[in-house]
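Undergrad: Dropping the sequence and predicted coords here.
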Amino acid sequence: MKTALHLSFESLHFVGIFGSGMSAIAQYLSSNGVRVSGSDRLVDSPHSATVKQHLLSAGCSVFPQDGSGICKHIDAICVSTAIEEHNPDIVAARRLGIPVLHRSDVLAAIVKTKKCIAVAGTSGKSTVTAMIFELLTACKKSPSLISGAPLRSLQQMGMLGNAFCGKSELLVVEADESDGTIVKYEPYASITLNISKDHKPEEDVLKMFLQLSKQSKWTAVNADEPKLNNIEAMTTFGFGDSAQFKGIKTKMETLSSTITVGKTSYMLPIPGEYNASNLLAALCICHHFGCDESTLVNAVANYKGVERRFEIHHTTSGVIVIDDFAHNPEKIRAAVNAAKNMSGRIIAVYQPHGFAPTRFLKNEYAKTFGEIFSSTDILCLLPVYYAGGTAIKDISSQEIIELTGNTAFHAVAVENRDEALKLISKNAKKNDCILLMGARDPSLSLFKEQIIKHLS
């Protein structure tokens, strides 16, 4: 028997279910009648307690990642690229003859069942996905959502925040290029935001974006990104004269961004040039789906944001703490530029998000760090995040500092977070901004709370 989603299984086990992309699909399928279980190596970690509780509340069963959750009644198991073949759950599934599916294949099957809007780009996917979902929801379009990051609006409703089942055929998803699986999706609409060196060489990523566009019935592309010019699009968006859906950056302020499209102005309650571009992309999609402009104005003004996307926290000591998911040079540059408008000095604390990405981007990190910080700023690199597995640990944060060379600003690699807290305590003063950046590690949010408590 097939489920209402027309997928060929009734039960599915997710290996690494606490991951942002995996937990989103798991919740979505559970809400659509699929029997969902999963395991995670962080099943008993206090850092993941919230995710675990939300998954249990959504009807998912959660097990340790030791093969104990695998039984003959499971139709298939779902894995991401990060899961290695010797994982106990995979070993148990192979022994029982249970099919092993990649996360992207499951998502691709879901995409085919809906009128899907896929958001692509090396930066801004989560934010634009959230914006499109919130704006379409405000306009009574009742979309569904599968996102890579929790939306504050859904968290305020008591949900984990990265998945939602609406009543219409519309589904908004992130189309991730990091592991090359983006080419599997055949959405109704796709929007391509930008391109920069991140997980793979730009030329390889551009081929993926071209393929996604060819497999979409309707496409929109950022006209302000010259590297995307070869992608054929039904429409283009941007702030330059060549854009068909053209915006004007009306006002860039400390805590907000205002853009104008036609005769209508939209005030977004988060700052940054990049967020102005993200908003224009979301409005381009909503315009295509016939959203009412006055409703969109109110929806933009009430946009709640995404967890760890330039989240601003004020402390009693007068120091601002900003928590951001930035994890490649271009995202770090955008976050730092936005933070500069909020303070006299930046103390940037960055945790590189894996040995392979750090090795791949080491020269770009060094170049970017040398360009974006002022003489009074401080750069503090935490140790490279290790997510487990057989990663080759042949790069360190200290090597990135050495590659950066002699700088006018103070740059240091610390051995642990306690050392970073000491550096912050010694140097942070009123009107400074602590900019915490990094991806993948769920404990970074708790470290943010430590920083805030330390400063208060």
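TA: In hand now; what should we look at?

Undergrad: And what about the residue nearest to Asp441 when sequence neighbours are not counted, helix, strand or coil?
TA: Sequence neighbours aside, Tyr385 is the residue nearest to Asp441 in space, at 4.8 Å (criterion: Cβ to Cβ, 6 or more residues apart in numbering). Placement of C-beta: from N, CA and C, glycine included. Using DSSP: H, G, I helix; E, B strand; the rest coil, the structure places Tyr385 in coil.

Undergrad: tell me the domain ranges of this structure?
TA: The chain is divided into the following domains under automatic domain parsing: 11-101, 114-301, 311-455.

Undergrad: The second one: end-to-end distance?
TA: Counting by Cα to Cα, to the nearest Å, the length from the leading to the trailing residue of domain 114-301 is 29 Å.

Undergrad: now the domains of the chain as CSV including distance to Ala108 and mean neighbour count?
TA: Shown next, in CSV, are the domains of the chain (distance: least, Cβ to Cβ, whole Å; neighbours: other Cβ atoms under 10 Å):
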stretch, distance to Ala108, mean neighbour count
domain 11-101, 10, 19
domain 114-301, 4, 20
domain 311-455, 23, 18
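
Undergrad: Next, format those domains as CSV and append mean pLDDT.
TA: What follows is these, written out as CSV (pLDDT from 0 to 100):
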stretch, mean pLDDT
domain 11-101, 94
domain 114-301, 94
domain 311-455, 92
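
Undergrad: before we move on, back to that, quick one: the residue nearest to Asp441 and Pro357 touch, right?
TA: No: using Cβ atoms under 8 Å, Tyr385 is not in contact with Pro357, being 9.6 Å away.

Undergrad: Tell me how far the residue nearest to Asp441 lies from Ile434.
TA: Here the criterion is Cβ to Cβ, to the nearest Å. By it, Tyr385 lies 19 Å from Ile434.

Undergrad: so Lys422 sits in a strand?
TA: No: secondary structure of Lys422 (three-state DSSP): helix, not part of a strand.

Undergrad: now it: how far from Asn416?
TA: Distance, Lys422 to Asn416, using Cβ to Cβ: 10 Å.

Undergrad: Next, the contact list for the residue nearest to Asp441, please.
TA: Neighbouring residues of Tyr385 by Cβ atoms under 8 Å, 6 or more residues apart in numbering: 351-354, 438, 440-441.

Undergrad: just the strands in the stretch 151-300 of the chain please.
TA: 163-164, 170-174, 189-192, 218-222, 235-238, 245-246, 248-252, 257-261, 264-268 (DSSP state E, counting those that start in this stretch).

Undergrad: Among these, which comes closest to Ala138?
TA: Proximity to Ala138 (Cβ to Cβ) singles out strand 264-268 among those, at 12.4 Å.

Undergrad: Tell me what angle the closest one forms with strand 257-261.
TA: With axes from the mean of the first three to the mean of the last three Cα atoms, to 10 degrees applied, the angle from strand 264-268 to strand 257-261 works out at 160 degrees.

Undergrad: which residues are contacting strand 264-268?
TA: 250, 256-260, 275-276, 279, 283, 293, 296-297, 300-301, 303.

Undergrad: Just checking: what are the partner strands of that strand?
TA: Using DSSP bridges, strand 264-268 pairs in its sheet with strand 257-261 (antiparallel).

Undergrad: Pull stretch 351-358 out as CSV, backbone CA atoms only.
TA: Extracted C-alpha coordinates of stretch 351-358, given in CSV (Å, rounded to 0.1, in the frame of the first residue of the first chain):
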residue,chain,number,x,y,z
GLN,A,351,34.0,28.0,14.6
PRO,A,352,35.1,26.4,11.3
HIS,A,353,32.5,23.8,10.5
GLY,A,354,34.5,20.7,9.5
PHE,A,355,38.0,19.7,8.4
ALA,A,356,37.1,19.2,4.7
PRO,A,357,35.3,22.5,4.3
THR,A,358,38.1,24.4,6.2
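
Undergrad: Of the contacts of Tyr385, which is the nearest to His314?
TA: Gly438 (21.2 Å).

Undergrad: Torsion angles phi and psi at the residue nearest to the closest one when sequence neighbours are not counted?
TA: In this structure, Gly438 finds its nearest non-sequential neighbour in Gln351, 3.5 Å apart by Cβ to Cβ, 6+ apart. Main-chain torsions, Gln351, degrees, to the nearest 10: phi -110, psi 110.

Undergrad: Surely Gln351 and Ser443 touch.
TA: No: Gln351 is not in contact with Ser443 according to Cβ under 8 Å; the separation is 9.7 Å.

Undergrad: Which stretches in the stretch 151-300 of the chain count as helices?
TA: 152-155, 202-214, 273-288, 293-301 (DSSP state H, counting those that start in this stretch).

Undergrad: quick one: the third one to strand 248-252, angle?
TA: With the same axes, to 10 degrees as the basis, helix 273-288 and strand 248-252 are set at 130 degrees to each other.

Undergrad: ok, residues contacting helix 273-288?
TA: 117, 119, 123-124, 127-128, 131-132, 135-136, 139, 189, 191, 193-194, 218, 220, 222, 224, 235, 237-239, 245, 247, 249, 252, 257, 259, 261, 266, 268, 296, 300, 310, 334, 337-338.

Undergrad: tell me, what residue is most central in this structure?
TA: The residue lying closest to the centre of the chain (Cα atoms, centre = their mean) is Ser126, at 4.4 Å.

Undergrad: Which other helices and strands does whatever helix or strand that one lives in contact?
TA: Assigned by DSSP states H and E, Ser126 belongs to helix 125-138. Applying 3 or more Cβ pairs under 8 Å, 6 or more residues apart in numbering; DSSP states H and E, one finds that helix 125-138 contacts strand 115-120, strand 170-174, helix 273-288, helix 293-301.

Undergrad: what inclination does that helix have with respect to strand 170-174?
TA: Going by the same axes, to 10 degrees, helix 125-138 makes 160 degrees with strand 170-174.

Undergrad: Past helix 125-138, which element shows up next along the chain?
TA: Next in sequence after helix 125-138, counting helices and strands by DSSP H and E, comes strand 144-146.

Undergrad: ok, that next one: who's next to it in the sheet?
TA: strand 163-164 (antiparallel), strand 170-174 (parallel).

Undergrad: okay if I get these as a markdown table plus distance to Phe14?
TA: Shown next, in a markdown table, are the strands paired with strand 144-146 (distance: least, Cβ to Cβ, whole Å):
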| stretch | distance to Phe14 |
| --- | --- |
| strand 163-164 | 13 |
| strand 170-174 | 17 |
